[in-house]
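Participant: My questions are about this predicted structure, shown below with the sequence.
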Amino acid sequence: MNPRDRSAGYQLLETTSLVDFRIGEPIIQACTGEEKSFLQVDRILGTYDEEDEPADIAEWAAFGPVFALAVFSFADARPRGISDQDFVDDDEFTVDDLFECLRFANGGLRFSADYLRGRCMKIDISFVRTDG
């Protein structure tokens, strides 16, 4: 990873460490096929204080948490099937990867990654909306 990309990644991770949030009730659903389960967790920006406006927090903090979750998912992901041929053990998730998988849809940011450089990530992050 080039130094500029690594620096941008560190800045996103630093931003993530500054974000207050609360976690909603997890929803676990069975999947069809070989998949074992689907997990949905709502993460709400801000604390329970009424002065915290999730939309204001989302303006400066939206990209950091998405990047952090994607970094963890990439590091944990392993090859499946023929993707083993593209797998590099010490590969790192980059800011370029983030923006390659990031879209703005239905009023919010959506990060979606299936297979990335031989890693079966199967991650969909779509909780970052303008309302936090």
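Facilitator: Okay, I see it. Numbering: from 1, shown residues only.
Participant: what about the helices in the protein?
Facilitator: 3-17, 54-61, 63-76, 95-101 (DSSP state H).
Participant: export those helices to JSON lines and tack on distance to L116, mean neighbour count and mean pLDDT?
Facilitator: Just so you know, the C-beta spots here come from the backbone N, C-alpha and C atoms, and that holds for glycine as well. Below are the helices of the chain laid out as JSON lines (distance: least, CB to CB, whole Å; neighbours: other CB atoms under 10 Å; pLDDT from 0 to 100):
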{"stretch": "helix 3-17", "distance to L116": "15", "mean neighbour count": "14", "mean pLDDT": "83"}
{"stretch": "helix 54-61", "distance to L116": "24", "mean neighbour count": "15", "mean pLDDT": "76"}
{"stretch": "helix 63-76", "distance to L116": "7", "mean neighbour count": "18", "mean pLDDT": "90"}
{"stretch": "helix 95-101", "distance to L116": "6", "mean neighbour count": "17", "mean pLDDT": "93"}
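Participant: Format those helices as JSON lines; extra columns: distance to G24.
Facilitator: Shown next, in JSON lines, are the helices of the chain (distance: least, CB to CB, whole Å):
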{"stretch": "helix 3-17", "distance to G24": "18"}
{"stretch": "helix 54-61", "distance to G24": "13"}
{"stretch": "helix 63-76", "distance to G24": "14"}
{"stretch": "helix 95-101", "distance to G24": "24"}
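Participant: Out of these, flag the one nearest G108.
Facilitator: G108 sits nearest to helix 54-61 of all the helices of the chain, at 8.9 Å, using CB to CB.
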